[in-house]
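Visitor: Give me a model of this one.
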Amino acid sequence: KQLFIGAEGTLGIVTAAVLRLLPRPAVTATALAAVADPAAAVRLLRRLQSAVGEAVTAFELVPRSGLDLHFAHCGKRHEPFGQRFDWQVLLEAQAGAARTDLTRDLESALAEAIADGLVLDAVIAQSDRQAAALWRYREGLAFAQVEDPGNLKNDTSVPVSAIADFIDHASAAAADLVPGVRPIPFGHIGDGNIHFNLSRPLSMPPDAFIARWPALTEAVTRAAAALGGSISAEHGLGRLKRDAIGRYKPAVEIELMWRLKRMLDPDDLMNPGKVLPPL
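Guide: Coordinates of the predicted model:
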C-alpha cells in the first residue's frame, strides 16, 4: 500500500480499496478572520489548535490580491468586513458530539486573539447559508484565476513555520523576474500547502507572461526547497514536474524509485513517462 501512495499509477493499478468511514460531524463552526500578514495567520492557527484541538478542520489563507480578482470576475464586490484587509483566513472547526458548543469556543478564541492584536476583525457564520457565503470567498478566488489569462499555478509545500518566509522569498524572486507580477498565495496553511500562483502585470500580454512561466516556476520551487519544502504537494508530479524531481531529490532516491519501477513494471506499461525523471 505504501509503495502505491504517491506513485500516480506508475507501479500498478489499484483494483480494490477498504475505507474507514467516520460519522458526519454533528457541529460545524465557520469563521473568517482578518490578520496583518501570513505570519499572524500561522500564529492564529496555533492559537486555535490550543483552544479547540483537532476540531480545526480547515484553515485557508485568502490574500487581498485573490479577493480583488474574485470580485472583478464575478462583477460585484461584497467585502466581508467594513474595511479592506490585505490578508484573511477562512477557518472551520467540526465536532462529532452535538453537545459541543464549537461556535462559542471559536468565538471566545477569536475574541482573545482580537484583544491581543493577533486578529484585526472576524465574522462567525450563524447559519449554513452564511457559512457557504464565507466559503465562496475562498472558492471564488480559485475559479477567478482559471479565467485570468496567463495565470501561473504552483503547488508547493513548506513546513508550516516557514510559510511566511516562503511567501516573502517567492514574491521577491518573482518580482525580480517580472516586475509588476501579482502573487496570489492562497490555500491550506494547516499542512503548509500554499498555492503560490502568479498573475501577469496588467500591462503585460498573456503570451509574454506565459513565456516566463518556466523561470517563474523554478524561482518558486527554489524558494520552497530552500526552506525544507517540497516541489509538489496535493497535485503530484505527473509529467510537468518529472524532470524537476531529478534536480531536487538525492540521486540515491531516484535510483531506488527506478529499481522499484523495474521490479513491479519491467515493461513500463503503467503510466509511462510520468513521475520518474530520465536516468
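Visitor: Need the pLDDT of Val35.
Guide: Predicted confidence (pLDDT) for Val35: 98.
Visitor: same thing with the one 5 residues further on?
Guide: At Ala40, the predicted lDDT confidence score is 98.
Visitor: Surely it is in a strand?
Guide: No - Ala40: not assigned to a strand; according to DSSP: H, G, I helix; E, B strand; the rest coil it is helix.
Visitor: Enumerate every residue touching it.
Guide: 87, 118-119 (Cβ atoms under 8 Å, 6 or more residues apart in numbering). Bear in mind the C-beta positions are built from the backbone N, C-alpha and C, glycine included.
Visitor: For Arg47, see how far away it is.
Guide: Ala40 sits 10 Å away from Arg47, taking Cβ to Cβ, to the nearest Å as the criterion.
Visitor: Give the residues shared as contacts by these two.
Guide: Leu118.
Visitor: right, and Gly228 touches Ile163 too?
Guide: No - Gly228 is beyond contact range of Ile163, at 11.8 Å (criterion: Cβ atoms under 8 Å).
Visitor: Could you check which of those two is surrounded by more residues?
Guide: Ile163 (25 against 13; other Cβ atoms under 10 Å).
Visitor: State the mean pLDDT of whichever strand or helix holds that one.
Guide: Using DSSP states H and E, Ile163 maps to helix 163-177. Per-residue pLDDT over helix 163-177 has a mean of 97.
Visitor: Over to stretch 261-273?
Guide: 94.
Visitor: Convert stretch 262-274 to CSV, retaining C-alpha atoms only.
Guide: This file holds the C-alpha atoms of stretch 262-274, laid out as CSV (Å, rounded to 0.1, in the frame of the first residue of the first chain):
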residue,chain,number,x,y,z
ARG,A,262,11.6,-2.0,-13.0
MET,A,263,10.8,-4.7,-10.4
LEU,A,264,7.0,-4.1,-10.5
ASP,A,265,6.6,-2.9,-14.1
PRO,A,266,9.5,-4.2,-16.1
ASP,A,267,7.8,-3.5,-19.4
ASP,A,268,7.0,0.1,-18.5
LEU,A,269,3.2,-0.3,-19.1
MET,A,270,1.9,1.6,-16.1
ASN,A,271,1.5,5.3,-16.8
PRO,A,272,4.8,5.6,-18.7
GLY,A,273,6.7,8.9,-18.8
LYS,A,274,5.3,10.2,-15.6
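Visitor: Can we start the residue count at 2 from this point?
Guide: That works, and once the first residue is 2, the last one we named lands at stretch 263-275.
Visitor: Buried residues in that stretch, which are they?
Guide: 266, 271-272, 275 (16 or more other Cβ atoms under 10 Å).
Visitor: go on, stretch 97-110?
Guide: Judged by neighbour count using 16+ other Cβ under 10 Å, the buried positions of stretch 97-110 are 101, 103-104, 106-107, 110.
Visitor: Show me what it is in contact with.
Guide: Outside stretch 97-110, the residues that touch it by Cβ under 8 Å, 6+ apart are 23-24, 26-30, 32, 48-49, 52-53, 56, 92, 94-96, 125.
Visitor: Got a quick ChimeraX command for the buried subset of the residues you listed?
Guide: This is how ChimeraX selects the buried members of the contacts of stretch 97-110, with burial counted by 16+ other Cβ under 10 Å:
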select :26,28,29,30,32,48,49,52,53,56,92,94,95,96,125
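Visitor: Helices - which of the contacts of stretch 97-110 land there?
Guide: Counting by DSSP state H, the part of the contacts of stretch 97-110 found in helices is 48-49, 52-53.
Visitor: Most widely separated two among the residues you listed?
Guide: Farthest-apart pair in the ones in helices among the contacts of stretch 97-110 is Arg48 and Val53; separation 9.9 Å (Cβ to Cβ).
Visitor: still on that earlier bit, now go through the buried residues of stretch 97-110 and say which are in strands.
Guide: Nothing among these maps onto strands, per DSSP state E.
Visitor: so which of those residues comes closest to Phe144?
Guide: Leu107 (27.0 Å).
Visitor: Format the ones in helices among the contacts of stretch 97-110 as CSV; extra columns: pLDDT and distance to Ser158.
Guide: Output for the ones in helices among the contacts of stretch 97-110, formatted as CSV (pLDDT from 0 to 100; distance: Cβ to Cβ, whole Å):
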residue, pLDDT, distance to Ser158
Arg48, 94, 22
Leu49, 94, 21
Ala52, 89, 25
Val53, 87, 24
